[in-house]
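In: Just a sequence and a predicted model for now, questions to come.
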Amino acid sequence: MGKLNSGQISGILLSVAIIAVVSNLFFVSNSVFGFAKNPGGKTAAGNATVGATTSYGLVFDNSGFNKLLEYDKTINVTSLTSEQQAVYKKLLGRDKNGKVIIPHPCCGVSISECAPCDHGKAIRGLIKYLLQQGWSEENILSESLVWDRLFFPGQI
């Protein structure tokens with residue numbers, strides 16, 4: 001075998017770097033599916049585990065994530081009472097000190113400020129659904145953070 005020239009070495013290193021970056025993107029978070037890949041198969045978040053069923057019937061997995069996306073599309077904010085709409089708007093934004101209420105690591109801004117990524121859509125769907133079910137603002141915030149911990153392990 002002959003020696004590799006600097007152009008060939010650069011090409012190989014670039015290829016390895018691209019593979020590493022792409023692999024890391026799919027390992028850390030897959031935006032097509034809501035959940036981070038976890039080599040152990042389960043991710044604890046609060047009292048939730050991937051595969052567990054929520055008290056409102058969704059499973060902490062991609063099927064539950066997809067249902068939340070559906071809720072975002074099908075539940076119109078105008079179908080909520082004015083009080084519920086105020087809670088919805090509040091939870092998607094920032095507090096009086098400018099701190100994001102529900103963390104959104106993939107965009108680094110509040111859910112209302114980010115591009116419409118699927119994680120943000122899922123949280124919007126969750127909030128609308130739980131408001132319809134009569135949940136309190138505090139309980140919705142707690143549940144949103146559980147889902148966020150599943151979406152972004154180790155970041156929330």
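Out: Structure received. Numbers count the residues shown, from 1 in each chain.

In: mind listing what's buried in stretch 95-110?
Out: V100, I101, I102, P103, H104, C106, S110 (16 or more other Cβ atoms under 10 Å). C-beta coordinates here come from the backbone N, C-alpha and C atoms, glycine included.

In: Bridged to V100, which residues?
Out: Going by DSSP bridges, V100 is paired in beta bridges with R94.

In: could you pull out the strands for the protein?
Out: 44-45, 48-49 (DSSP state E).

In: Which of the ones you listed comes out lowest on mean pLDDT?
Out: Across those, strand 44-45 has the smallest mean pLDDT, namely a mean of 42.

In: Domains in the chain, by residue range?
Out: 1-29, 31-151 (automatic domain parsing).

In: Least confident of those domains, on average?
Out: Note on the domains of the chain: domain 1-29 shows the lowest mean pLDDT, a mean of 48.

In: just the buried residues of stretch 95-110 now: which is nearest S144?
Out: Using Cβ to Cβ, I102 comes nearest to S144 of the buried residues of stretch 95-110, at 5.0 Å.

In: Can you report how many residues lie near the residue lying closest to that closest one once chain neighbours are set aside?
Out: Among residues not flanking I102 along the chain, S144 sits closest, at 5.0 Å (Cβ to Cβ, 6 or more residues apart in numbering). By other Cβ atoms under 10 Å, the residues close to S144 number 23.

In: which ones are touching S144?
Out: L91, I102, I123, L126, I127 (Cβ atoms under 8 Å, 6 or more residues apart in numbering).

In: Just the ones of these in helices?
Out: L91, I123, L126, I127 (DSSP state H).
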